[in-house]
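Engineer: structure for this input, please:
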Amino acid sequence: MEQISKELRKTALRLSHICQDGNLQSVFSCLDIVWALYDKVMNWSPETAEDENRDFFIISKGQATLALFPVLIEKGMFTLDDMKNMGKFDSRFCIQTDVTKFRGGVENSAGSLGHGMPFGAGLAAGSKIQGLPSRVYVLAGDGEFCEGTMWESCIFASAKKLDNFCVVVDDNDSVGAMVDMGNMSAKLRAFGFDVFSADGHDLAALERTFAQAKEPDGRPKAVVAKTVRGYGSKTMMENDIWFHKAPNKEELAMLTKEVERF
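Structural biologist: Here you go, the predicted model:
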């Protein structure tokens, strides 16, 4: 695992420890995806975070918000010191994004699943209407596709030919614990999407795949990224208690060392 991936995970662990909350298995499964988008793919920087021509990152699987903040820290939008009171009553930083508390850097409010996808599709449609070059990337979980709003958004994006819209599926087999969804890629193709697959923990492969998914062919895009819950920590990959658990001081030290050795 590349060093930047390790550093991002260690920051996520510290933030989870500070706020004593977090869905770290989900965070670790998608951190590499978020970093690849911000570092290599999107037209975005702290200086252009309010520019109407910027690309948008919408976090639909809001339980993974702790995957966004370490990336924004690394990119210089915030500092770790800004988040020293994360999760406290008077802090704007918590484990679900709240767009009302930010000017730039956070694009949507997260919480109930299935809301980020239609919001992102609407943004993409608005950009098309205004003739803007913006692209919209929505991070969704595979389990989130149990929500009907996800498929309604697919119909809309396809009907409106939103080739500036890309849903990134963090396919960590969460849905497999609930229902047999079948072939996710085949379903998305049936809804009119250009579908691409990638190893969600291979930064170079993600960059290549996102480059392919920019073809302006009148079809919305989907990148199905195969990931592992808790990836980067042997403990979190093997023990599902970390689905929703924050580390205490001793666990923080142990998991930090584990990530560095991974």
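
Engineer: element containing Gly192?
Structural biologist: In the assignment (DSSP states H and E), Gly192 maps to no helix and no strand.

Engineer: how close does it get to Ile58?
Structural biologist: Look at Gly192 and Ile58: by C-beta to C-beta, to the nearest Å, they are 20 Å apart. Every residue, glycine included, has its C-beta placed from N, CA and C.

Engineer: more crowded one of those two?
Structural biologist: Higher neighbour count among Gly192 and Ile58: Ile58, with 24 against 16, using other C-beta atoms under 10 Å.

Engineer: next SSE after the helix or strand harbouring that one?
Structural biologist: Of the helices and strands defined by DSSP H and E, Ile58 is found in strand 56-59. On the C-terminal side of strand 56-59, the closest following helix or strand by DSSP H and E is helix 68-74.

Engineer: check which helices and strands the next helix or strand after that following helix sits against.
Structural biologist: Next in sequence after helix 68-74, counting helices and strands by DSSP H and E, comes helix 116-130. Using 3 or more C-beta pairs under 8 Å, 6 or more residues apart in numbering; DSSP states H and E as the contact criterion, the neighbours of helix 116-130 among helices and strands are strand 56-59, strand 136-141, helix 148-159, strand 165-171.

Engineer: among those, which is nearest Thr97?
Structural biologist: Distances from Thr97 to each of these were compared by C-beta to C-beta, and the smallest falls on strand 56-59, at 6.0 Å.

Engineer: counting contacts, what elements does the closest one pack onto?
Structural biologist: With contacts defined as 3+ C-beta pairs under 8 Å, 6+ apart, the secondary structure elements packing on strand 56-59 are helix 116-130, strand 136-141.

Engineer: how many residues are close by Ile18?
Structural biologist: Neighbouring residues of Ile18 were enumerated by other C-beta under 10 Å; the total is 20.

Engineer: the most centrally placed residue in the chain: what's it in contact with?
Structural biologist: Most central residue of the chain, judged by C-alpha distance to the mean C-alpha position with C-alpha atoms, centre = their mean, is Leu139 at 4.1 Å. With contact set as C-beta atoms under 8 Å, 6 or more residues apart in numbering, Leu139 has these partners: Cys30, Ile33, Val34, Phe57, Ile58, Ile59, Ser60, Lys61, Ala64, Gly116, Val168, Asp170.

Engineer: how far out from the middle of the chain is the strand or helix carrying the third one?
Structural biologist: Same thing as Val34. Element membership for Val34, per DSSP H and E: helix 24-36. Taking C-alpha atoms, centre = their mean, to the nearest Å, one finds helix 24-36 lying 7 Å from the centre of the chain it belongs to.

Engineer: and that helix, average pLDDT?
Structural biologist: Helix 24-36 shows a mean pLDDT of 97.

Engineer: could you check how far Leu132 is from Lys10?
Structural biologist: If you go by C-beta to C-beta, the gap between Leu132 and Lys10 works out to 37 Å.

Engineer: same question but for Phe191, I mixed them up
Structural biologist: Between Phe191 and Lys10 the computed distance is 38 Å (C-beta to C-beta).

Engineer: what does Phe28 give?
Structural biologist: With distances taken as C-beta to C-beta, Phe28 is found 11 Å from Lys10.

Engineer: go on, Lys101?
Structural biologist: 25 Å.
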